[in-house]
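**Q** fold the following for me, if possible:
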Amino acid sequence: MDMPGAKTMQMDMSGAKTIQMDMPGAKTIKMDMPGAKTIKMDMLGAKTMQMDMSGAKTIKMDMPGAKTIEMDMPGAKTIKMDMPGAKTIQMDMTGAKTIKMDMSGAKTIEMDMPGAKTIKMDMPGAKTIKMDMTGYKILEVREI
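**A** Residues are numbered from 1 along each chain as shown. Sure, this is the predicted structure:
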């Protein structure tokens, strides 16, 4: 789905198997996608995002320029996200197996990741970091 120019988006895609979206220019995005198996999104220019991706198996997202990101992804198996320039990030990734994130420039990061096995993160410039990583096996954090 390509949606160039949309300013505000609110969607419920519960139970979808594959979701692939390009949303350049959207400013406010609110989505519910519980049960989706594969989610791939490019959201160039979005400023505020609220998403529920509970139970998704694979999540890959590029969100350059987003300012406020709130996401719930409990039960996801593989999560890869690039969020350069985000100011506030709040995420629940309880039970995720593999997490790889670039949060360059984020000022406030709050994440719950209990049960994650492999975590790789880049967080240069972060000022406030609060994380629950109970049970991790491999942790690689660069540039805090």
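
**Q** where does pLDDT dip in this protein?
**A** Counting by pLDDT under 70, the ranges of the chain that qualify are 1-6, 143-144.

**Q** which stretches of it form helices?
**A** Along the chain, counting by DSSP state H, no stretch forms helices.

**Q** show me where it has its strands.
**A** Applying DSSP state E to the chain gives strands spanning 8-12, 18-22, 28-32, 38-42, 48-52, 58-62, 68-72, 78-82, 88-92, 98-102, 108-112, 118-122, 128-132, 138-142.

**Q** could you dump those strands to a markdown table with mean neighbour count?
**A** Every C-beta, even on glycine, is put in place using the N, C-alpha and C of the backbone. As requested, these are arranged in a markdown table below (neighbours: other Cβ atoms under 10 Å):
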| stretch | mean neighbour count |
| --- | --- |
| strand 8-12 | 13 |
| strand 18-22 | 15 |
| strand 28-32 | 18 |
| strand 38-42 | 19 |
| strand 48-52 | 20 |
| strand 58-62 | 19 |
| strand 68-72 | 20 |
| strand 78-82 | 19 |
| strand 88-92 | 21 |
| strand 98-102 | 20 |
| strand 108-112 | 19 |
| strand 118-122 | 18 |
| strand 128-132 | 14 |
| strand 138-142 | 12 |
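
**Q** quick check: residue 87 touching residue 67?
**A** Yes. With contact defined as Cβ atoms under 8 Å, residue 87 counts as touching residue 67 (4.9 Å).

**Q** contact partners for residue 45?
**A** Remark: with contacts taken as Cβ atoms under 8 Å, 6 or more residues apart in numbering, residue 45 is in contact with 24, 25, 26, 27, 64, 65.

**Q** so who does residue 69 touch?
**A** Contact analysis of residue 69 by Cβ under 8 Å, 6+ apart lists 49, 63, 83, 86, 88, 89, 90, 91.
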